[in-house]
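Participant: sequence plus the predicted model coming up.
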Amino acid sequence: MTLVVGLTGGIGSGKSAVATAFRVLGVEVVDADEVAHELSVPGRDGYRAVVAALGPTILAADGTLDRAKLREQAFADASFRHRLEAALHPPIREEIRRRVADWRGDYGVLVVPLLFERGGTASLADRVLVVDCPEAEQMRRVGLRSGLQESQVRAIMATQLPRAERLARADDVIDNSGPPEAIAAAVARLDASYRALAAARRDARP
């Protein structure tokens, strides 16, 4: 059975860049955000569940989910966020489990921003890799990337575990406070480690 590495980290920490570096090495990657996006288009299970739970007012003029409105309301209203997650998380979990079960490599990477907080996918991970950087750097990156105000970024960060607690739960950590080109070397070291762990686990089986 393929070794599952759960990759997580705070917003703006660089999870996507790290996941891309693993993909470059030929590692199978499942990204929960990508799955959520795929299941949220009209006709898919996630879309139907969200519309049934929240009503047609969350739709854009073209009939798709109004993602900006959903994001704004989710971070402004905890009750709304809980209803959204209750609708969307079950089909996402099911699809993630299906994709992970199809992995055939030595190990694979499961990217889940809220791996510890909610979503029920932490149990799939054999090891947890946290991508980390200082909170000030997180806010700078998110501001440049998304144009969000500081208060909006802080609202998102408030839904995630405190940095110290996330690091305390990690098996492995990539310090992504430096330049982007440092990621490849860090990922290469972990790739060798994970392949060795996967081989040792196979050899230990009766």
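Facilitator: Alright, I've got the coordinates. Numbers count the residues shown, from 1 in each chain.
Participant: tell me the secondary structure for residue 155?
Facilitator: When classified by DSSP: H, G, I helix; E, B strand; the rest coil, residue 155 comes out as helix.
Participant: before we move on, what about residue 47?
Facilitator: helix.
Participant: what do you get for residue 99?
Facilitator: Per three-state DSSP, residue 99 ends up helix.
Participant: next up, the contacts around it.
Facilitator: If you count contacts by C-beta atoms under 8 Å, 6 or more residues apart in numbering, residue 99 has them with 30, 35. C-beta coordinates here come from the backbone N, C-alpha and C atoms, glycine included.
Participant: swap the cut-off to 7 Å and go again
Facilitator: residue 30 (C-beta atoms under 7 Å, 6 or more residues apart in numbering).
Participant: need the helix or strand of this protein with the lowest average pLDDT.
Facilitator: Ranked by mean pLDDT, DSSP states H and E, the helix or strand of the chain with the weakest confidence is helix 150-158, at a mean of 81.
Participant: helices and strands around the following helix or strand past that helix, which ones?
Facilitator: Where DSSP states H and E defines the elements, the next helix or strand beyond helix 150-158 is helix 163-168. If you count contacts as 3 or more C-beta pairs under 7 Å, 6 or more residues apart in numbering; DSSP states H and E, helix 163-168 packs onto strand 127-132.
Participant: distance from the chain centre to the strand it packs on, please.
Facilitator: 11 Å (C-alpha atoms, centre = their mean, to the nearest Å).
Participant: mind listing the strands for this structure?
Facilitator: Secondary structure of the chain by DSSP state E: the strands cover 3-9, 28-31, 107-111, 127-132, 172-175.
Participant: can I get those in JSON lines including mean neighbour count, mean pLDDT and distance to residue 142?
Facilitator: Output for the strands of the chain, formatted as JSON lines (neighbours: other C-beta atoms under 10 Å; pLDDT from 0 to 100; distance: least, C-beta to C-beta, whole Å):
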{"stretch": "strand 3-9", "mean neighbour count": "24", "mean pLDDT": "97", "distance to residue 142": "12"}
{"stretch": "strand 28-31", "mean neighbour count": "20", "mean pLDDT": "98", "distance to residue 142": "18"}
{"stretch": "strand 107-111", "mean neighbour count": "25", "mean pLDDT": "98", "distance to residue 142": "17"}
{"stretch": "strand 127-132", "mean neighbour count": "22", "mean pLDDT": "97", "distance to residue 142": "14"}
{"stretch": "strand 172-175", "mean neighbour count": "18", "mean pLDDT": "97", "distance to residue 142": "18"}
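Participant: any chance of these in JSON lines, plus distance to residue 52?
Facilitator: As requested, these are exported to JSON lines (distance: least, C-beta to C-beta, whole Å):
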{"stretch": "strand 3-9", "distance to residue 52": "29"}
{"stretch": "strand 28-31", "distance to residue 52": "25"}
{"stretch": "strand 107-111", "distance to residue 52": "27"}
{"stretch": "strand 127-132", "distance to residue 52": "33"}
{"stretch": "strand 172-175", "distance to residue 52": "39"}
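Participant: mind listing what's buried along stretch 151-165?
Facilitator: Within stretch 151-165, the residues that count as buried by 16 or more other C-beta atoms under 10 Å are 152, 153, 156, 157, 160, 161, 163.
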